[in-house]
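Asks: got a structure for you, letters missing:
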């Protein structure tokens, strides 16, 4: 079993100039409640699709555990971890933290059901971040639709900002989880490619991995390493949006 989701998302309605975004038009001054309304759907769907993708891939490779436990569903309630999904991100948002940090309830995986357990786990792990990157493209489409319809249906304009949140959240979640440090998904992918002894060394880091990831995020090291990749992908998806 694995922490399915552990990431940082911007605490502003859209990427700021500091994040490398190609925007300079004025941004509405959203209240905390408005931010929560705009942030909640993209974040909940990001972690939900991420976990479902893990379970779906496991089921395809011969492990029905997630399906049998009802985790192959887009119902976010099935994937919410009270502490990691609600308490910690909510507290950070109230404290006006520059990043949000949390996780979802991990999808149960029985690697022994795979013909090649380590390789199977690598595929299962990769499915989550890939799903997030595909979701980022979908949120880009939602932002485009909101722009196209906003002149005729003004009430739809908030979807423009929600779409941008969705792009940013899914890009950050996808790229972050590909970082090869336990408990992030990238460590499972790397373990599937390493020889057995190398994989065992990597697994020994798992009890400390979440603390290491949190420390790297808090000190800005992880942002320095992954930020340019995240910014490039976010700009790639959002910069063509009409203003």
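Replies: Noted; the coordinates are in hand. Only a predicted model underlies this, so the values are computations on that prediction, with no experimental measurement involved. Residues are numbered from 1 along each chain as shown.
Asks: what about residue 67, helix or strand, and which?
Replies: helix 65-68 (DSSP states H and E).
Asks: Show me which residues of the helix or strand bottoming out on mean pLDDT in the chain are buried.
Replies: The weakest-scoring helix or strand in the chain, judged by mean pLDDT, DSSP states H and E, is helix 88-94 (a mean of 78). Judged by neighbour count using 16 or more other Cβ atoms under 10 Å, the buried positions of helix 88-94 are 88-89, 92. (Glycine included, C-beta is placed from N, CA and C.)
Asks: Pull out the buried residues from the helix holding residue 67.
Replies: Counting neighbours by 16+ other Cβ under 10 Å, helix 65-68 gives 65-66 as buried.
Asks: cool, stretch 55-75 as well?
Replies: 55-59, 61, 63, 65-66, 71-72.
Asks: Give me the below-cutoff pLDDT ranges for this structure.
Replies: 1-28, 97-101, 240-243 (pLDDT under 70).
Asks: Repeat the analysis, applying 50 as the threshold.
Replies: Low-confidence segments of the chain (pLDDT under 50): 1-26.
Asks: Tell me which stretches of it form strands.
Replies: Per DSSP state E, the chain has no strands. Nothing in it meets that criterion.
Asks: Pick out the residue nearest the middle of it.
Replies: In the chain, the residue lying closest to the centroid (Cα atoms, centre = their mean) is residue 173, at 2.5 Å.
Asks: picking that back up, which member of the buried residues of helix 88-94 is positioned nearest residue 46?
Replies: For these, the closest approach to residue 46 (Cβ to Cβ) belongs to residue 89, at 11.8 Å.
Asks: The closest one: what's its closest spatial neighbour, skipping adjacent residues?
Replies: Distances taken as Cβ to Cβ, 6 or more residues apart in numbering put residue 102 closest to residue 89, at 4.3 Å, once the chain neighbours are dropped.
Asks: Quickly list what that neighbour is bridged to.
Replies: Judged by DSSP bridges, the bridge partners of residue 102 are residue 7.
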